[in-house]
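Visitor: Using only what follows, build the 3D model:
(one chain, ligands or ions: 1)
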Amino acid sequence: SVAATPGSVLVIGLGRFGGAVADSLVRLGHEVLAIDEDAAIVQSWATRLTHVVQADTTNVDTLKRLGVGEFERAVVAIGTDIEASLMTVLALSELRVPDIWAKALGDKHGRLLERTGAHHVIYPEAAMGERVAHLVTGQMIDFIEFDDGFAIVKTRAPKESLNRTLAESALRSKYGVTVVGVKRPRTDFTYARPETVIQPGDLLIVSGATNLVERFAALE
Ligand code: ADP
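Guide: Down below sits the predicted model:
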């Protein structure tokens with residue numbers, strides 16, 4: 001078994017989603033214990049992760065033996081096999097893992113995961129679909145929404161803001177959004193100040209209520 005250290009994360013299921021989670025955690029400097037029942041998948045990850053184990057995670061005793069109860073955080077990235085996903089979350093909550101994250105395929109799966117003891121349910125496809133809807137129209141270059149209806153977007157500066165300071169264009173009082181930063185082609189990101197003059201080609205980083213930010217990004 002792998003000794004859980006502060007910051008170490010258990011990742012269960014090394015499919016596309018779990019694999020990306022494990023990869024990023026390692027890159028961010030975290031210790032990862034990854035488990036997958038598929039021997040070929042475990043084999044293919046052996047050189048990239050320090051701790052990869054082949055096991056069926058629906059079995060509480062197996063998890064106990066692996067020292068899973070010592071982990072503070074777990075990500076259950078089993079998607080397609082809903083039964084295995086739920087059984088795994090149930091086993092982790094029986095072992096009192098304090099922070100269980102689980103990927104859901106859809107709403108019903110998500111609700112079951114919550115009932116079973118998942119503390120955070122992630123809907124990667126729904127979330128990405130929503131993001132793409134915002135990006136595909138070309139009005140937003142990037143879009144992040146927080147779960148309380150608040151968003152940050154990167155968008156082209158609207159015409160009315162060009163060649164004026166942010167104080168002069170008064171975007172906050174007109175549109176209810178706050179310009180946080182400005183990205184000018186070939187220069188570094190800068191924090192927005194009242195005296196910042198917006199130039200053609202500038203991209204604005206804007207925060208505010210999602211609907212206000214969406215409306216702002218749609219301006220010509
Ligand atoms: P993705 O869509 O992100 O690729 P999948 O659901 O296809 O996700 O992959 C989930 C991974 O979880 C697979 O590699 C599969 O082998 C693994 N897995 C499925 N059931 C279990 C289980 N009971 N125990 C451990 N790993 C499992």
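Visitor: which residues does the residue nearest to D142 when sequence neighbours are not counted contact?
Guide: Spatial nearest neighbour of D142, excluding adjacent residues (Cβ to Cβ, 6 or more residues apart in numbering): K154 at 4.2 Å. All C-beta spots, glycine's among them, are computed from the backbone N, C-alpha and C. K154 sits next to M140, I141, D142, F143, K183, L203, L204, I205, V206 when contact means Cβ atoms under 8 Å, 6 or more residues apart in numbering.
Visitor: What are the phi and psi values at the fourth one?
Guide: The main-chain torsion angles of F143 are listed as degrees, to the nearest 10 and equal phi -150, psi 130.
Visitor: give me the beta-bridge partners of it?
Guide: Beta-bridge partners of F143, counted by DSSP bridges, are V153.
Visitor: Look up how far the ligand lies from it.
Guide: Per Cβ to the nearest ligand atom, to the nearest Å, F143 is found 22 Å from the ligand.
Visitor: before we move on, what about I144?
Guide: From I144 across to the ligand, the span is 21 Å (Cβ to the nearest ligand atom).
Visitor: for the contacts of K154, which one is nearest A167?
Guide: Checking those against A167 by Cβ to Cβ gives L204 as the nearest, at 14.6 Å.
Visitor: Next, count neighbours for the closest one.
Guide: Applying other Cβ atoms under 10 Å, we find 25 residues neighbouring L204.
Visitor: L28 now?
Guide: Other residues near L28 number 10, with proximity taken as other Cβ under 10 Å.
Visitor: I'd like to know how far the one residue in the chain that gets nearest to the ligand sits from P185.
Guide: Nearest residue of the chain to the ligand (Cβ to the nearest ligand atom) works out as G15 at 2.4 Å. Taking Cβ to Cβ, to the nearest Å as the measure, G15 falls 38 Å from P185.
Visitor: what about the two, which has more around it?
Guide: A side-by-side neighbour count of G15 and P185, using other Cβ under 10 Å, places G15 first with 15 against 8.
Visitor: Quick check, the more buried one in contact with G79.
Guide: Yes. Using Cβ atoms under 8 Å, G15 is in contact with G79, at 6.5 Å.
Visitor: which stretches of the chain form strands?
Guide: Taking DSSP state E, the strands of the chain run over residues 9-12, 32-36, 51-54, 73-76, 99-103, 120-122, 140-145, 150-156, 178-183, 190-191, 203-209.
Visitor: Can you say which of those strands is packed in most?
Guide: strand 9-12 (a mean of 28; mean count of other Cβ atoms under 10 Å).
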